[in-house]
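Q: Generate a structure from the sequence data that follows.
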Amino acid sequence: MITNFFIPELNNHDVQELWFQQDGATCHTARATIDLLQDTFGDHLISHFGPVNWPPRSCDLTPLDYFLWGYVKSLVYADKPQTLDHLEDNIRRVIADIRPQMLEKVIENWTSRLDYIRASRGSHMPEIIFKVTEHLRRKFFELT
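A: I've put the predicted structure just below:
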């Protein structure tokens, strides 16, 4: 997917201005994958084992993990796609429908999470994180 679809799509963009961030899935951090992405993005790769290390499976820190994948998945599978073409169409549609206002809220939530983490000096905060997550999840769905 990266070689045949993603990287060719980047030809329309200045990759020097882009950052690429992965979630913590093991398949995404294989040496061959990291090498390929580093060749493409250089130091603008945020990934476990990449130049900018991101904690794997850190749902309290990673907007991709705590919001985007769940949000996209919930909408992509809502009509129970039966073919690969249908699934791909749903993925493209859902991603294209994500609005800047929603992403702004995600970033606000992310910076709030970082503030909570700093204040707690890295200790567990499930009562705060899950309340914030549920509140913002409802807000996101109001925007869509």
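
Q: Quick check: residue 76 vs residue 90, distance?
A: Separation of residue 76 from residue 90 (C-beta to C-beta, to the nearest Å): 4 Å. Any C-beta I mention is one placed from the backbone N, CA and C, and that applies to glycine too.

Q: Please disregard the earlier target; I meant residue 21.
A: Distance, residue 21 to residue 90, by C-beta to C-beta: 23 Å.

Q: which stretches of the protein form helices?
A: Taking DSSP state H as the criterion, the chain contains helices spanning 7-9, 31-41, 63, 69-76, 84-96, 100-120, 126-143.

Q: how about the nearest residue to residue 94, chain neighbours excluded?
A: The spatially closest residue to residue 94, leaving aside those adjacent along the chain, is residue 75, at 4.6 Å (C-beta to C-beta, 6 or more residues apart in numbering).

Q: what about that neighbour, how many neighbours?
A: For residue 75, the count of nearby residues is 18 (other C-beta atoms under 10 Å).

Q: Phi, psi for residue 50 please.
A: Backbone torsions of residue 50, given as degrees, to the nearest 10, read phi -90, psi -180.
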